[in-house]
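S.K.: Here is a sequence with its predicted model. Questions after.
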Amino acid sequence: MFQNNLKIALRSLRKNKAYTFINVAGLAIGAACCMLILLFVAHELRYDRWNPNAERIYRPVADIKFGGSEFKLAVVGSVVGPDVVQALPEVQAYCRFRQNGSCLVKRDGLGQPNIREEDVLTTDSSFFEVFPAKLLEGDPLKCLTQPHSVAISKSRAEKFFGSPQLALGQTLVLDNRERWQVSGVFEDLPVATHFKADFLLAINGNQEVKEDPPLWATSNNFQTYLLLRKGADPESFKAKFAALSREKINETGQRMMGTTLEELEKTGQHARYNLQWLPDIHLHSDLTAEFQPNGNIQYVWIFSAIAAFILLIACINFMNLSTARSAHRAREIGVRKVLGSQRSALIRQFLSETTLLAALAMALAVLITATALPAFSDLTNRPMEMPWSQPLFWISIVASIGVIGIMAGIYPAFFLSAFDAIKVLKSQTTGRAGGGRLRSALVVFQFSTAIVLIIATALVYQQMNFIQHKKLGFQKEQVLIIDDAYALGDNIQAFKQDMLNQPGVEAASVSGFLPVPSNRNDNTFSKIREFREDQSVNMQNWRVDKDYLKTLGLELKTGRYFDPAAHPSDSTAIVLNERAAELFGYPDQPIGKKVYGVSGRINGQPKPEDFVEYTVIGVVKNFHFASLRDNIGALSLSLGNSTGAMTIRYQATESQSLIAAMERSWKTMAPEQPFGYRFMDDAFARMYAAEQRIGTIAGIFAILAVLISCLGLFGLAAFTAEQRTKEIGVRKVLGASLGGIIGLLSQDFLKLVFISLVVATPPAWYFMHRWLENFAFRVEIKWWVFALAGFAAVVIAVLTVGYQSVKAALANPVKSLRSE
Amino acid sequence: MIKTVKLAKVYRTEEVETTALNEVDVDIKEGEFVSVMGPSGCGKSTLLNVLGMIDSPSSGDYFFNGEEVGRLSERKRSNVRKHNLGFVFQSFNLIDELTVYENIELPMLYTKVASAERKKRVEELLEGMNIMHRRNHFPQQLSGGQQQRVAVARAIVNRPKLILADEPTGNLDSANGDEVMKILSQLNSEGTTILMVTHSQYCAEFGNRIIRMLDGQVVTENLVKQYL
């Protein structure tokens, strides 16, 4: 009997090629989307799970509100780790990281080229205890204990030395200064790790650690991980940690400012330490000084929902088409019933048919997924692979076939098997397909989903457009950034001059502080020679040169900019932004006012003579130096030597020749140093890469959702037209016009699309409103976006249904009437 | 074999109540060939459906081989039906997706006849009906007469005791119609009971008794002349 069912199923599919195509293609595209998204979600959820200790690792993070600013930091002081291990017996070990940023790395020896390496971290010798990466060479317990020892990844060992074995014991030179001996080679860390590390420098001997004050919340530069002992109770550890951190912050308050934590808190300020569980970091942490931009659980949810909806849309097509087509199967069902088939056997038959289709679709979906995965990996910026070798993958494929087959087939199966044998056998004609109301509801569901996605795409696009064209307060176009300008050494000014001599160059400035991702320096300044919460302001203090204003295109609001030639005293001058002037309480007359900052490291409460006096000489208009997700904070500029980058403003036409000249000049002045540049507008756009990606992905899935819905609508329209053949024939004989008939056939579907728009609007508004709240600067949601999405849906629906309607309307009525 | 006592079938919609069978008493002996005649809407097809157990009576009793079957559950009726009855329809009602061979084989799949036996029986019938050369064709590829022969073959493949035929020649020309009637007569002469609904006096006379119906009631029952 099963064989017979299979035979009928296959023949029926072959006979109705269009129907089979619509069903299989729709389901395959839907399932492929779903698979791609689930691969992405699985990848996101897997972060740091490779670490067998993951469950026992916590990261302390700081939340400090002081002097008008609030910081949520992924970094804490270097003392936090040692203090916690000493105070809390639950903690087995700590591991700290200090990000070194990019470094120039070369093999020791004459004539070796420098290579820029991005993932250089200083870390404790406990690294391999807390993060048990496989060590290929060296002793995991000892390899990072000695000063100036370095452990490198396998890929870097191969890059610099040819193999891990050859690397061991060799020497690397970092930034042309420091020599480090390779004491270990480890297997590259899995991609699903929330930090990247190719070079691990031993923390032993680190100057910064030695100089750090033994106080919490004073200097925060180390990502710190605490490994609990096996069997330790996390809850009691968390409670003890909370008590310990309060005690330590209180101590800092008393020693630095002479106030207790409680007194500080009464003024609305605070300093807290929280704990993050390692497996949560990637999707739940978005703090200042993360190793890299993390994922976002919000997007995981959104994507999962999109996956489910697209699959649902495809299954709905399946149900709709099967029930609509049921009329054609009526006779077969009648015959089978008369011949003695039980209803359960019929249900089984139809379910096996849908399961067969689902299997076909899934096979196709796996193919599509494998083909599209590389592009999707690029799009999501996550390297993903087809999990061919994982049994779970195959189990889920088989399970999906079953579930989709049943989900898509259950309604048609019950509906068809309930046909009354006498009725269907008596009438020569095909029966009227039932389930019209349910079908309409399902079409509304499909189109609502598609419209929500269209609206979301439109709004993400609008917001991205808004960001690109927002007046930022600085000019990002036609500005080149040369990173690591310090590699020029003493030639830096000569290089700058050389650049200024190039045709088309308008200005150049040396500073590592830029309004795109670059150096940052957060300091507390005070109106008096003392830190007091009512007198102090936390702000960025950027060291810049005299050409910075011109090169970046910043605008002065009042006063003047640095001019050390005319004003030698400018070395102690400071320029504020509007926000800083406001926070200091100098909104109108800031010029000539004094602010005080502490330079160098102070152990304990700073004395009045530790403060350096700055005179305010100007105020620049606020500019967006951080992401548009945040409001503009306080910022100050002072003259100083910061050689992290050189910025060059040029005329649009000159970029190619300028880059060539730059590289020539660089090679003479800094031979053996890698040359690299980027455009400021690119760097700016990259800040919103995640959102850009979301926009693109939402767009693609919106198109697919619309496409799958249209496939379904197309099929449905075909069946409606077929069912109404007689009616159309009669109407034509009675004198109905072509337009009238097309209208008649289309209006039912258009009604459904309008209802869909009404259904889709509230959730679309709600979700997009929530998403836009991520941005301090954002577009408004305008009514016409909804109207446009609705209009698009109507146009698409008309085009889809129109073809079938025209075809039906043009048919010869004599033929249709006779066939009845 | 068949005996009904005050058999009634009433169709109800919201406003209208239609009596399709009104206290019908019929008695059909094993081996008979009974034709049912009457104008359209007189209830003859309803009678056939009820006697064929694809519809249930509203009241009255229906004894099949001495057993009351009118009030059996759908499942039990289906069971009695597939082992004892064969159907032939005016519109053939073959399954388009199955070949001639497979259409004939289908009823035996429901009665779980062994595979070798199925093959034997189908081939015998294909031979007997003279459609062996068409065994792998699909119904749309056959003429009307051939389709109806396949339908008859399908009806008798399970060797039913009773064949119910609803206008078996209605869609056929006279030559093909004759052919089918001859097959039915042949089956009857081999011992199969036949109950046939028809509009055609000519066809009706192939049987040995004619039941005439009007407005849901049996009005006359005559033996066909040749048997008088």
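M.R.: Received the coordinates, thanks.
S.K.: Mind exporting the C-alpha coordinates of the helix or strand where residue A:482 lies to CSV?
M.R.: Element membership for residue A:482, per DSSP states H and E: strand A:479-483. Output in CSV follows, covering the C-alpha atoms of strand A:479-483 (Å, rounded to 0.1, in the frame of the first residue of the first chain):
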residue,chain,number,x,y,z
VAL,A,479,40.6,62.7,4.5
LEU,A,480,43.2,60.0,4.5
ILE,A,481,44.4,58.4,7.7
ILE,A,482,47.9,56.9,7.9
ASP,A,483,48.0,54.6,10.9
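S.K.: Quick check: buried residues in it?
M.R.: A:479, A:480, A:481, A:482, A:483 (16 or more other Cβ atoms under 10 Å in any protein chain shown). Backbone N, C-alpha and C define where each C-beta goes, glycine included.
S.K.: so who does the last one touch?
M.R.: Residues counted as contacts of residue A:483 (Cβ atoms under 8 Å, 6 or more residues apart in numbering or on different chains) are A:102, A:644, A:645, A:676, A:677, A:678.
S.K.: Separate out the buried members of those residues.
M.R.: Judged by 16+ other Cβ under 10 Å, buried ones among the contacts of residue A:483: A:102, A:644, A:645, A:677.
S.K.: will you turn these into TSV that also has secondary structure and distance to residue A:316?
M.R.: Shown next, in TSV, are the buried ones among the contacts of residue A:483 (DSSP: H, G, I helix; E, B strand; the rest coil; distance: Cβ to Cβ, whole Å):
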residue	secondary structure	distance to residue A:316
A:102	coil	51
A:644	coil	56
A:645	strand	54
A:677	strand	52
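S.K.: related to what we said a few turns ago, which among the contacts of residue A:483 gets closest to chain B?
M.R.: Here the nearest of those to chain B, counting by Cβ to the nearest Cβ, is residue A:678; it sits at 64.5 Å.
S.K.: So the closest one: helix, strand or coil?
M.R.: Of the three states, residue A:678 takes strand under DSSP: H, G, I helix; E, B strand; the rest coil.
S.K.: returning to what we had before: just the buried ones among the contacts of residue A:483 now: which is nearest residue A:655?
M.R.: residue A:677 (10.3 Å; Cβ to Cβ).
S.K.: Now find how far off-centre the strand holding residue A:482 is within its chain.
M.R.: What separates the centre of strand A:479-483 from the centre of its chain is 25 Å, taken as Cα atoms, centre = their mean, to the nearest Å.
S.K.: Quickly run through the sheet partners of that strand, with directions.
M.R.: As defined by DSSP bridges, the strand partners of strand A:479-483 come to strand A:645-650 (antiparallel), strand A:677-679 (antiparallel).
S.K.: what distance separates the following helix or strand past it from the middle of the whole chain?
M.R.: For strand A:479-483, the following helix or strand on the C-terminal side (DSSP H and E) is helix A:492-501. Distance of helix A:492-501 from the chain centroid (Cα atoms, centre = their mean) equals 39 Å.
S.K.: Then stretch B:197-208?
M.R.: That offset, for stretch B:197-208, works out to 14 Å (Cα atoms, centre = their mean).
S.K.: Give me the contacts around it.
M.R.: B:32-37, B:44-45, B:47-48, B:165-170, B:177, B:181, B:184-185, B:188, B:194, B:196, B:210, B:223-227.
S.K.: Now do the buried residues in that stretch.
M.R.: So stretch B:197-208, judged by 16+ other Cβ under 10 Å, has buried residues B:197, B:198, B:199, B:200, B:203, B:204, B:206, B:207, B:208.
S.K.: Which of the helices or strands spans the fifth one?
M.R.: If you go by DSSP H and E, residue B:203 is part of helix B:201-204.
S.K.: What mean pLDDT does that helix get?
M.R.: Mean per-residue pLDDT for helix B:201-204: 92.
S.K.: Likewise for stretch A:795-802?
M.R.: pLDDT averaged over stretch A:795-802 gives 84.
S.K.: residues near the residue nearest to residue A:790 when sequence neighbours are not counted, how many?
M.R.: In this structure, residue A:790 finds its nearest non-sequential neighbour in residue A:757, 3.9 Å apart by Cβ to Cβ, 6 or more residues apart in numbering or on different chains. When neighbours are defined as other Cβ atoms under 10 Å in any protein chain shown, residue A:757 has 21 of them.
S.K.: and residue A:757, what does it touch?
M.R.: Contacts of residue A:757 by Cβ under 8 Å, 6+ apart are A:447, A:448, A:451, A:786, A:789, A:790, A:793.
S.K.: Tell me the secondary structure at the residue of the stretch 301-450 of chain A found nearest chain B.
M.R.: Nearest to chain B in the stretch 301-450 of chain A, going by Cβ to the nearest Cβ, is residue A:340, at a distance of 2.6 Å. Put simply, residue A:340 is coil when judged by three-state DSSP.
S.K.: Not counting sequence-adjacent ones, nearest residue to it?
M.R.: residue B:82 (2.6 Å).
S.K.: check which helix or strand covers residue A:613.
M.R.: strand A:611-620.
S.K.: Now the contacts of residue A:483 in CSV, please, with extra columns for distance to residue A:702 and pLDDT.
M.R.: Formatted as CSV, the contacts of residue A:483 follow (distance: Cβ to Cβ, whole Å; pLDDT from 0 to 100):
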residue, distance to residue A:702, pLDDT
A:102, 38, 79
A:644, 41, 85
A:645, 39, 91
A:676, 37, 85
A:677, 37, 90
A:678, 32, 90
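S.K.: quick one: which of these is nearest to residue A:563?
M.R.: Nearest to residue A:563 among these, with distances taken as Cβ to Cβ, is residue A:645, at 22.4 Å.
S.K.: for the record, mean pLDDT for stretch A:761-775?
M.R.: Rounded mean pLDDT across stretch A:761-775 is 90.
S.K.: So which elements touch the helix or strand where residue A:62 lies?
M.R.: Following DSSP H and E, the helix or strand that holds residue A:62 is strand A:57-66. On a contact count with 3 or more Cβ pairs under 8 Å, 6 or more residues apart in numbering or on different chains; DSSP states H and E, strand A:57-66 meets strand A:69-73, strand A:223-228, helix A:234-257, strand A:270-277, helix A:278-284.
S.K.: Now the residue in the stretch 601-750 of chain A that chain B sits nearest to: which helix or strand?
M.R.: Proximity of the stretch 601-750 of chain A to chain B (Cβ to the nearest Cβ) peaks at residue A:722, 16.2 Å away. Using DSSP H and E, residue A:722 sits in helix A:689-723.
S.K.: What residues of the next helix or strand after that helix count as buried?
M.R.: Where DSSP H and E defines the elements, the next helix or strand beyond helix A:689-723 is helix A:725-733. For helix A:725-733, a neighbour-count test (16+ other Cβ under 10 Å) marks A:725, A:728, A:729, A:731, A:732 as buried.
S.K.: where does chain B come near chain A, residue by residue?
M.R.: B:45, B:49, B:52, B:54-55, B:74-75, B:78-79, B:81-83, B:87, B:89, B:91, B:93-98, B:102, B:106-107, B:109-111, B:154 (Cβ under 8 Å from any Cβ of the partner chain).
S.K.: one more time with 6 Å
M.R.: B:49, B:54-55, B:78, B:81-82, B:87, B:91, B:93, B:95, B:97, B:107, B:109-110 (Cβ under 6 Å from any Cβ of the partner chain).
S.K.: Which elements pack onto the longest helix seen in chain A?
M.R.: What stands out as the longest helix in chain A, according to DSSP state H, is helix A:343-380. Using 3 or more Cβ pairs under 6 Å, 6 or more residues apart in numbering or on different chains; DSSP states H and E, the elements in contact with helix A:343-380 are helix A:2-15, helix A:17-45, helix A:391-417.
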